[in-house]
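1. What follows is a predicted protein model with its sequence.
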Amino acid sequence: MTEQHGPDTGSGCAERRRRAGIVSFVAGLVAALAFFAFFPGLPHVIDWGALLVSLAVGALARWACRAWMARSLEKKEKHSDQV
């Protein structure tokens, strides 16, 4: 049986991955900045080190989100091929 793919099937998925990547990056960035700003015992100053670490945490969150989405897409495709 052949599967029919519309012209927007791939672009819709790519757009969803792009949005999820942006949201996860911003969430990781804000969470790390909030940690450095409000955690008791740390100086309540955002310095360059905190900004760089926050950017790295945001990038790690984006990478993890995209990897998770790609893995779930592979599972979905594998499941649809078996059926």
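-> Structure received. These figures come from a predicted structure and were not determined experimentally. Numbers count the residues shown, from 1 in each chain.

2. which element follows the host helix or strand of residue 35 toward the C-terminus?
-> Assignment of secondary structure by DSSP states H and E places residue 35 within helix 9-38. Sequence order places helix 48-82 as the next helix or strand after helix 9-38, per DSSP H and E.

3. Can you report the mean pLDDT over the residues of that next one?
-> Helix 48-82 shows a mean pLDDT of 88.

4. Hey, what's the angle from that helix to helix 9-38? Just curious.
-> When axes from the mean of the first three to the mean of the last three C-alpha atoms, to 10 degrees is applied, the directions of helix 48-82 and helix 9-38 differ by 150 degrees.

5. could you say what helices and strands the helix holding residue 35 packs with?
-> Other elements packing on helix 9-38 under the criterion 3 or more C-beta pairs under 8 Å, 6 or more residues apart in numbering; DSSP states H and E are helix 48-82. Backbone N, C-alpha and C define where each C-beta goes, glycine included.

6. which secondary structure elements does the helix it packs on contact?
-> If contacts are counted by 3+ C-beta pairs under 8 Å, 6+ apart, helix 48-82 sits against helix 9-38.

7. Please identify the buried residues of the helix it packs on?
-> Of all the residues in helix 9-38, those buried under the rule 16 or more other C-beta atoms under 10 Å are 21, 24-25, 28-29, 32-33, 36.

8. same thing with stretch 58-66?
-> With burial defined by 16+ other C-beta under 10 Å, the residues of stretch 58-66 counted as buried are 58, 61-62, 65.

9. between the residues you listed, which is closest to residue 81?
-> Within the buried residues of stretch 58-66, proximity to residue 81 (C-beta to C-beta) peaks at residue 65, which comes in at 24.8 Å.

10. if we can go back for a sec, any idea which of the buried residues of stretch 58-66 is closest to residue 77?
-> Distance to residue 77, by C-beta to C-beta, is smallest for residue 65 among those, at 18.7 Å.
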